[in-house]
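In: Quick one, structure for this:
(2 chains)
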Amino acid sequence: DQQVKQNSPSLSVQEGRISILNCDYTNSMFDYFLWYKKYPAEGPTFLISISSIKDKNEDGRFTVFLNKSAKHLSLHIVPSQPGDSAVYFCAASEIQGAQKLVFGQGTRLTINP
Amino acid sequence: NAGVMQNPRHLVRRRGQEARLRCSPMKGHSHVYWYRQLPEEGLKFMVYLQKENIIDESGMPKERFSAEFPKEGPSILRIQQVVRGDSAAYFCASSPGQGINPRYFGPGTRLTVT
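Out: Numbers count the residues shown, from 1 in each chain, chains lettered A, B, ... in the order given. Sure, this is the predicted structure:
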(Lines give C-alpha, C1' and ligand atoms only; values in the text may rest on other atoms or scores of the structure.)
Protein backbone atom coordinates (compact mmCIF):
# COMPACT_ATOMS: atom_id res chain seq x y z
CA ASP A 1 0.00 0.00 0.00
CA GLN A 2 2.03 2.92 -1.35
CA GLN A 3 0.58 6.01 0.30
CA VAL A 4 3.13 8.35 -1.28
CA LYS A 5 4.01 7.84 -4.93
CA GLN A 6 6.62 9.33 -7.16
CA ASN A 7 5.68 7.93 -10.53
CA SER A 8 8.76 9.08 -12.42
CA PRO A 9 11.79 7.01 -11.45
CA SER A 10 14.06 9.36 -13.39
CA LEU A 11 14.12 12.79 -15.00
CA SER A 12 16.69 14.41 -17.24
CA VAL A 13 16.82 18.22 -17.59
CA GLN A 14 19.11 20.65 -19.37
CA GLU A 15 21.22 22.90 -17.19
CA GLY A 16 19.54 26.27 -16.69
CA ARG A 17 16.04 24.93 -17.36
CA ILE A 18 13.32 24.19 -14.85
CA SER A 19 13.14 20.77 -13.14
CA ILE A 20 9.71 19.66 -11.98
CA LEU A 21 9.44 16.64 -9.71
CA ASN A 22 6.03 15.28 -8.87
CA CYS A 23 4.56 13.44 -5.94
CA ASP A 24 1.06 12.08 -5.26
CA TYR A 25 -0.41 10.83 -2.02
CA THR A 26 -3.51 8.93 -1.06
CA ASN A 27 -3.88 9.46 2.67
CA SER A 28 -6.09 12.50 3.31
CA MET A 29 -4.77 12.67 6.88
CA PHE A 30 -1.37 13.84 5.63
CA ASP A 31 -0.92 17.44 6.61
CA TYR A 32 2.77 18.15 6.25
CA PHE A 33 5.08 17.41 3.35
CA LEU A 34 8.83 17.42 2.93
CA TRP A 35 11.36 16.99 0.16
CA TYR A 36 14.72 15.35 0.75
CA LYS A 37 17.69 15.18 -1.57
CA LYS A 38 20.12 12.27 -1.62
CA TYR A 39 23.53 12.00 -3.22
CA PRO A 40 25.15 8.58 -3.81
CA ALA A 41 26.76 7.09 -0.70
CA GLU A 42 25.14 9.75 1.49
CA GLY A 43 21.95 9.91 3.51
CA PRO A 44 18.95 12.04 2.56
CA THR A 45 19.14 15.71 3.47
CA PHE A 46 16.12 17.91 4.10
CA LEU A 47 15.46 20.41 1.31
CA ILE A 48 12.13 22.14 1.78
CA SER A 49 8.74 21.54 3.38
CA ILE A 50 5.17 22.74 3.20
CA SER A 51 2.21 22.65 5.52
CA SER A 52 -1.26 21.95 4.16
CA ILE A 53 -2.41 25.44 5.14
CA LYS A 54 -0.24 26.78 2.34
CA ASP A 55 -0.21 26.03 -1.35
CA LYS A 56 3.30 27.26 -2.04
CA ASN A 57 6.61 27.59 -0.25
CA GLU A 58 9.73 29.04 -1.77
CA ASP A 59 13.38 28.87 -0.74
CA GLY A 60 15.85 30.27 -3.23
CA ARG A 61 15.80 28.17 -6.39
CA PHE A 62 13.42 25.64 -4.83
CA THR A 63 9.65 25.99 -4.70
CA VAL A 64 7.17 23.41 -3.51
CA PHE A 65 3.55 23.56 -4.64
CA LEU A 66 0.73 21.72 -2.90
CA ASN A 67 -2.65 20.93 -4.44
CA LYS A 68 -4.55 19.43 -1.56
CA SER A 69 -7.72 18.67 -3.51
CA ALA A 70 -5.71 16.66 -6.04
CA LYS A 71 -3.45 15.20 -3.34
CA HIS A 72 -0.49 16.28 -5.39
CA LEU A 73 2.68 18.18 -4.72
CA SER A 74 5.55 19.22 -6.90
CA LEU A 75 9.06 20.52 -6.44
CA HIS A 76 10.33 23.11 -8.90
CA ILE A 77 14.02 23.84 -9.26
CA VAL A 78 14.92 26.84 -11.36
CA PRO A 79 17.42 27.31 -12.80
CA SER A 80 18.68 23.73 -12.61
CA GLN A 81 22.38 23.28 -11.91
CA PRO A 82 24.66 20.24 -12.29
CA GLY A 83 24.94 19.97 -8.50
CA ASP A 84 21.20 19.33 -8.37
CA SER A 85 21.74 15.88 -9.87
CA ALA A 86 20.59 13.56 -7.09
CA VAL A 87 17.68 11.40 -5.99
CA TYR A 88 14.76 13.38 -4.62
CA PHE A 89 12.31 11.89 -2.14
CA CYS A 90 9.03 13.39 -1.10
CA ALA A 91 7.72 12.49 2.32
CA ALA A 92 4.49 13.10 4.21
CA SER A 93 3.27 13.04 7.77
CA GLU A 94 0.03 13.69 9.62
CA ILE A 95 1.43 16.61 11.55
CA GLN A 96 4.54 18.73 11.42
CA GLY A 97 7.23 17.15 13.54
CA ALA A 98 5.64 13.70 13.52
CA GLN A 99 8.22 11.01 14.09
CA LYS A 100 6.87 8.83 11.30
CA LEU A 101 7.44 10.05 7.76
CA VAL A 102 6.06 8.15 4.77
CA PHE A 103 8.41 8.36 1.81
CA GLY A 104 7.91 8.02 -1.92
CA GLN A 105 10.20 5.81 -3.99
CA GLY A 106 12.34 8.69 -5.18
CA THR A 107 13.07 10.34 -8.53
CA ARG A 108 16.61 10.41 -9.91
CA LEU A 109 17.23 13.84 -11.41
CA THR A 110 20.07 14.28 -13.88
CA ILE A 111 21.06 17.77 -15.00
CA ASN A 112 22.81 17.75 -18.36
CA PRO A 113 25.36 20.47 -19.17
CA ASN B 1 23.73 14.36 6.83
CA ALA B 2 26.50 16.26 8.55
CA GLY B 3 27.29 14.71 11.90
CA VAL B 4 25.08 11.63 11.86
CA MET B 5 27.46 8.70 11.82
CA GLN B 6 26.64 5.14 10.98
CA ASN B 7 28.81 2.08 11.03
CA PRO B 8 29.58 -0.17 9.48
CA ARG B 9 28.83 1.24 6.04
CA HIS B 10 28.62 -2.24 4.57
CA LEU B 11 27.82 -5.44 6.41
CA VAL B 12 27.66 -8.94 4.99
CA ARG B 13 26.05 -11.67 7.04
CA ARG B 14 25.13 -15.27 6.32
CA ARG B 15 21.57 -16.40 6.92
CA GLY B 16 21.04 -17.09 10.61
CA GLN B 17 23.74 -14.74 11.86
CA GLU B 18 23.17 -11.55 13.84
CA ALA B 19 23.60 -8.04 12.47
CA ARG B 20 24.34 -5.02 14.65
CA LEU B 21 24.05 -1.57 13.12
CA ARG B 22 25.25 1.51 14.97
CA CYS B 23 24.12 5.11 14.77
CA SER B 24 25.74 8.08 16.50
CA PRO B 25 23.44 11.11 16.38
CA MET B 26 24.49 14.67 15.77
CA LYS B 27 26.04 16.37 18.76
CA GLY B 28 23.36 17.54 21.17
CA HIS B 29 20.64 15.38 19.61
CA SER B 30 18.79 13.06 21.97
CA HIS B 31 16.31 11.46 19.54
CA VAL B 32 17.10 8.87 16.88
CA TYR B 33 15.04 7.44 14.03
CA TRP B 34 15.72 4.27 12.07
CA TYR B 35 14.44 3.78 8.52
CA ARG B 36 14.93 0.92 6.08
CA GLN B 37 15.11 1.17 2.30
CA LEU B 38 14.46 -1.96 0.30
CA PRO B 39 15.59 -2.02 -3.36
CA GLU B 40 13.49 0.23 -5.60
CA GLU B 41 11.44 1.49 -2.67
CA GLY B 42 11.33 4.57 -0.48
CA LEU B 43 12.51 4.71 3.08
CA LYS B 44 10.19 3.03 5.56
CA PHE B 45 9.96 4.05 9.20
CA MET B 46 11.07 1.44 11.71
CA VAL B 47 11.55 2.95 15.15
CA TYR B 48 11.92 6.24 17.04
CA LEU B 49 13.94 6.38 20.23
CA GLN B 50 14.91 8.83 22.87
CA LYS B 51 17.85 8.07 25.15
CA GLU B 52 16.92 4.99 27.22
CA ASN B 53 13.37 4.99 25.85
CA ILE B 54 11.59 3.59 22.80
CA ILE B 55 8.92 6.10 21.79
CA ASP B 56 7.45 4.47 18.69
CA GLU B 57 8.37 1.04 17.33
CA SER B 58 5.30 0.59 15.15
CA GLY B 59 7.42 0.01 12.03
CA MET B 60 9.60 -2.71 13.49
CA PRO B 61 8.98 -6.31 12.42
CA LYS B 62 7.52 -8.23 15.34
CA GLU B 63 10.32 -10.76 15.54
CA ARG B 64 14.11 -10.72 15.32
CA PHE B 65 14.44 -6.92 15.29
CA SER B 66 15.24 -4.76 18.30
CA ALA B 67 16.61 -1.28 18.90
CA GLU B 68 18.11 0.57 21.79
CA PHE B 69 19.57 3.99 22.53
CA PRO B 70 21.47 3.80 25.80
CA LYS B 71 22.38 6.73 28.00
CA GLU B 72 25.95 6.51 26.76
CA GLY B 73 27.02 5.37 23.32
CA PRO B 74 25.36 4.97 19.95
CA SER B 75 21.93 3.68 19.10
CA ILE B 76 21.99 0.03 18.05
CA LEU B 77 19.65 -1.71 15.63
CA ARG B 78 19.95 -5.45 16.13
CA ILE B 79 18.68 -8.08 13.72
CA GLN B 80 18.85 -11.65 14.94
CA GLN B 81 18.88 -14.70 12.66
CA VAL B 82 19.03 -12.63 9.50
CA VAL B 83 17.23 -13.77 6.35
CA ARG B 84 17.74 -12.73 2.72
CA GLY B 85 14.74 -10.39 2.93
CA ASP B 86 16.60 -8.30 5.52
CA SER B 87 19.04 -7.17 2.81
CA ALA B 88 18.50 -3.43 2.57
CA ALA B 89 19.99 -0.05 3.34
CA TYR B 90 19.35 1.04 6.91
CA PHE B 91 19.40 4.77 7.59
CA CYS B 92 19.27 6.63 10.85
CA ALA B 93 18.53 10.27 11.52
CA SER B 94 18.53 12.37 14.65
CA SER B 95 16.79 15.41 16.06
CA PRO B 96 17.33 17.58 19.12
CA GLY B 97 13.90 16.84 20.53
CA GLN B 98 10.43 15.52 19.97
CA GLY B 99 8.26 17.24 17.40
CA ILE B 100 11.13 18.17 15.12
CA ASN B 101 11.44 16.48 11.75
CA PRO B 102 14.92 15.11 11.02
CA ARG B 103 16.97 17.29 8.70
CA TYR B 104 19.85 14.93 8.13
CA PHE B 105 20.17 11.20 7.76
CA GLY B 106 23.36 9.25 8.20
CA PRO B 107 25.04 7.65 5.17
CA GLY B 108 23.37 4.32 5.88
CA THR B 109 24.48 0.76 6.46
CA ARG B 110 24.02 -1.54 3.50
CA LEU B 111 23.25 -5.01 4.83
CA THR B 112 23.68 -7.96 2.51
CA VAL B 113 22.54 -11.39 3.64
CA THR B 114 24.04 -14.27 1.72
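In: in stretch A:42-55, what counts as buried?
Out: By neighbour count, with 16 or more other CB atoms under 10 Å in any protein chain shown as the criterion, the buried positions of stretch A:42-55 are A:42-50. All C-beta atoms are positioned from the backbone trio N, CA, C, and that covers glycine.
In: again with stretch B:60-70
Out: The neighbour-count criterion (16+ other CB under 10 Å) identifies B:60, B:65, B:67-69 as the buried residues of stretch B:60-70.
In: Quote the end-to-end distance of it.
Out: This stretch, stretch B:60-70, spans 18 Å end to end (CA to CA, to the nearest Å).
In: residues from chain A in reach of chain B?
Out: Proximity of chain A to chain B is confined to A:4, A:6, A:32, A:34, A:36, A:41-46, A:49, A:89, A:91, A:93, A:96-106 under the rule CB under 8 Å from any CB of the partner chain.
In: Counting neighbours, which of those residues end up buried?
Out: For those, a neighbour count by 16+ other CB under 10 Å gives the buried set as A:4, A:6, A:32, A:34, A:36, A:42-46, A:49, A:89, A:91, A:93, A:96, A:98-106.
In: Out of the buried residues of stretch B:60-70, which two sit at the greatest distance?
Out: Taking every pair in the buried residues of stretch B:60-70 and measuring CB to CB, the maximum separation is 14.6 Å, between B:65 and B:69.
In: Show the low-confidence segments of the chain, by residue range.
Out: Unless you meant another one, I'm taking chain A. Low-confidence regions of chain A, defined here as pLDDT under 70, cover residues A:1.
In: that's the other chain; I wanted chain B
Out: Going by pLDDT under 70, which is the cut-off in play, chain B has low-confidence ranges at B:1-2.
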